[in-house]
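Engineer: Sequence and computational prediction follow.
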Amino acid sequence: MIFQKGILLALASTVAAKAADEKGLNSRGTRRLFEQECTILKAEKEFQGEDGTFYSTGEKCYCELTETADSGAGIRGQGKGKSKRIIAEMKNLDKAVCSNAVSAQTLLASTGGFEFDAVTNTAKVPFGATISEINKNKDKGKSQVYGRRRLASTGMKQTLIVRAEFETSTGTNEANLSNYILGIGNDPVNLASQYSACSYEQLTFEPVPNNSNYNGLTPTDGVITVVDPDQSVNGIADSVIRNRMRDLIGGSQGVADHVLLCIPPGTNGGWIAYAYVNHWLSVYNNNWCNYVSGLMHEIGHNLGLAHSGEAQTYDDQSGMMGYSYSNNNAPEMCFNAAKTFQLGWFPTYHFERTHNNSFNDQISLVGFVEKTFRPNLSPDDFKMIIKLTGSNNDYYVHFNRKVGFNSGTAEGGDQVLVATRSAGVGYDASTLLSKLNANGAYTISGFGSQGDLTINVQSINTSTGEASVNILYGDTSPTPAPTPAPIPPTPAPVDPTPA
């Protein structure tokens, strides 16, 4: 979630509401007890300073709960009504539990249920209750009800876009949202076109069918408008508007592969956009539903991608998991090597080595875009990603070719880039370590038990789109042959014995 400065009033009102509620002064009956289980979702709350730079306060955990509408005090099981899903920030969850949880996959159980406060849109474990993690793999029924597995990074994704006409209205109409997000019109660069290009049509986005029904509403080219003129927006928390929009489309559980909510202007906090990791929901502040980089970035979070940084959290500008830009059609770029490896789009073009044994390899690298110029590019002769598994971290090397669908890369264009992240392909931030020109080198100290590893860029040819790279690790000189044992001299002949 990305915020701008100027949130002190909102923060003060939230703190005041929390304090009043804890003293029992909340007279609106907004505190309700929910079911005993919730799915943990994660999102990073991100801020933007006045100078335009981004920073993050770190990862937070949210609880996705089921509420049953009733005529009582809101306690599950009292009265009758429809179930609906809400997402609320967890206020008293232990940091270790949050850190170890896997977004959209960890299911928590509380002996006392979960307490939800509609004023602050937060949830907490009641005093005296204990929590435990349920292994959803052992309970497939609940896995189906409470969450989905990590979204696949290939295939055709049905997409639902929701705008609202409340106290204020989403600034972009249905036709333009369909155009800016799914390219149904003449928009040259959009969410659908860029993901399709970057993946070579392995990941595509299409509108949900026009005959779909969402609580009585039918979409046009993937977009529907929810209407509630009595719903306040100005100064209201975006989480309240988000949950209201979900209510009006019937809760949105299972309605599409991806659901994008375009929140009307006026909510508090100066936020820009956010998405839940390994989940189907992303949320945008008004015109941020129009901007291709913001859309690519947030859907990247849905797909399990974390941020890309260099000196700071977001400042790797070579790919879409760094900064976002308020531009409908730019920049045209994809993801760095660490993210692209995680997405699994080009496995035959991977070259992998580990720290267990020394090696001295010569590799011809090409950019991800190269197959648009050479469709029959041989993976036997060329590679796109070098993955180096060290004793502590993984390292990724790629040639950031600045042409075609990656012509807008904002950093490291036509250079060989080196990035790192923790071992594995789960949710984790990557860090850009080096941008190398021809004859440049980068050494990874203590890569493994064999010592240091050095990456040498021997040449870069932008005419052919190739970079020649040497990777040297440990002592690869041939072992000398053993010295043969000396041959004893031939004894002198013995004179024959006289007869």
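Structural biologist: That came in fine, so what should we check first? Numbering: from 1, shown residues only.
Engineer: In this structure, what residue spans correspond to helices?
Structural biologist: 8-22, 95-100, 140-146, 174-182, 191-198, 238-248, 292-302, 337-343 (DSSP state H).
Engineer: Could I get the buried residue list for the shortest one?
Structural biologist: Right, the one you point to is helix 95-100. Val97, Cys98 (16 or more other CB atoms under 10 Å). Backbone N, C-alpha and C define where each C-beta goes, glycine included.
Engineer: Packing partners of that helix?
Structural biologist: Judged by 3 or more CB pairs under 8 Å, 6 or more residues apart in numbering; DSSP states H and E, helix 95-100 is in contact with strand 54-68.
Engineer: any idea of the mean pLDDT in the strand it packs on?
Structural biologist: Per-residue pLDDT values across strand 54-68 average out to 77.
Engineer: if we can go back for a sec, can you list the helices of the chain in a markdown table and add distance to Thr389?
Structural biologist: Listed next are the helices of the chain as a markdown table, based on distance: least, CB to CB, whole Å:
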| stretch | distance to Thr389 |
| --- | --- |
| helix 8-22 | 43 |
| helix 95-100 | 23 |
| helix 140-146 | 31 |
| helix 174-182 | 37 |
| helix 191-198 | 25 |
| helix 238-248 | 40 |
| helix 292-302 | 23 |
| helix 337-343 | 11 |
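Engineer: can you list the weak-confidence ranges in the protein?
Structural biologist: Under the criterion pLDDT under 70, the flagged ranges of the chain are 1-32, 34-35, 45-57, 67-84, 135-151, 252-254, 478-485, 489-499.
Engineer: can you map out the strands along the stretch 151-300 of the chain?
Structural biologist: Using DSSP state E, counting those that start in this stretch, the strands of the stretch 151-300 of the chain run over residues 155-165, 203-207, 223-227, 258-263, 273-275, 281-285.
Engineer: Among those strands, which comes closest to Ile236?
Structural biologist: Closest to Ile236 of these, according to CB to CB: strand 258-263, at 9.9 Å.
Engineer: what residues does the closest one touch?
Structural biologist: Contacts to strand 258-263, defined as CB atoms under 8 Å, 6 or more residues apart in numbering, come from residues 151, 157-164, 170, 172, 177, 181, 205, 238, 241-242, 245-246, 252, 280-286, 289, 295, 299, 302.
Engineer: try 7 Å this time
Structural biologist: 157, 159-163, 170, 172, 177, 181, 238, 241-242, 245, 252, 280-286, 289, 299, 302 (CB atoms under 7 Å, 6 or more residues apart in numbering).
Engineer: Only the buried residues of stretch 434-453, if you could.
Structural biologist: For stretch 434-453, by 16+ other CB under 10 Å, it's Ser434, Lys435, Leu436, Tyr442, Ile444, Phe447, Gly448, Gln450, Leu453.
Engineer: ok, the first one - contacts?
Structural biologist: Neighbour list for Ser434: Val418, Tyr442 [criterion: CB under 7 Å, 6+ apart].
Engineer: One more: the third one?
Structural biologist: For Leu436, the contact set (CB under 7 Å, 6+ apart) comprises Gln415, Val416, Tyr442, Val457.
Engineer: List the contacts of the first one.
Structural biologist: For Gln415, the residues meeting the contact criterion (CB under 7 Å, 6+ apart) are Asn400, Lys435, Leu436, Asn437.
Engineer: repeat for Gly390
Structural biologist: With contacts defined as CB under 7 Å, 6+ apart, the neighbours of Gly390 are His355, Ile444, Phe447, Gly448.
Engineer: Please report how far the second one lies from Asn173.
Structural biologist: Distance from Ile444 to Asn173, counting by CB to CB, to the nearest Å: 51 Å.
Engineer: just the last one next, same as before
Structural biologist: Gly448 sits 57 Å away from Asn173, taking CB to CB as the criterion.
Engineer: quick one: stretch 250-267 to chain centroid distance?
Structural biologist: 18 Å (CA atoms, centre = their mean, to the nearest Å).
Engineer: Render the CA-only coordinates of that stretch in CSV, please.
Structural biologist: Provided in CSV are the C-alpha atoms of stretch 250-267 (Å, rounded to 0.1, in the frame of the first residue of the first chain):
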residue,chain,number,x,y,z
GLY,A,250,-21.4,-10.3,-3.7
GLY,A,251,-18.2,-10.6,-1.8
SER,A,252,-16.0,-11.4,-4.8
GLN,A,253,-14.8,-14.8,-3.5
GLY,A,254,-14.2,-16.8,-6.6
VAL,A,255,-15.7,-14.4,-9.0
ALA,A,256,-12.6,-14.0,-11.2
ASP,A,257,-8.9,-14.8,-11.3
HIS,A,258,-8.1,-11.1,-10.5
VAL,A,259,-10.4,-8.4,-9.1
LEU,A,260,-9.3,-4.8,-9.4
LEU,A,261,-11.1,-2.2,-7.3
CYS,A,262,-10.8,1.4,-8.5
ILE,A,263,-11.6,3.5,-5.4
PRO,A,264,-13.3,6.9,-5.8
PRO,A,265,-11.2,9.9,-4.9
GLY,A,266,-11.3,11.4,-1.4
THR,A,267,-10.4,8.6,1.0
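Engineer: so what's Thr106 closest to, chain neighbours aside?
Structural biologist: Of all residues not flanking Thr106 in the chain, Ile40 sits nearest, at 4.4 Å (CB to CB, 6 or more residues apart in numbering).
Engineer: what's across from that neighbour in the sheet?
Structural biologist: Cys63 (DSSP bridges).
Engineer: What about it, how many residues nearby?
Structural biologist: Look at Ile40: counted by other CB atoms under 10 Å, it has 24 neighbours.
Engineer: dump the residue contacts of it.
Structural biologist: Ile40 makes contact with Cys61, Cys63, Ala101, Ser103, Thr106, Leu108 under the criterion CB under 7 Å, 6+ apart.
Engineer: cutoff 8 Å now
Structural biologist: So Ile40 contacts 61-64, 90, 98, 101-104, 106-108 (CB under 8 Å, 6+ apart).
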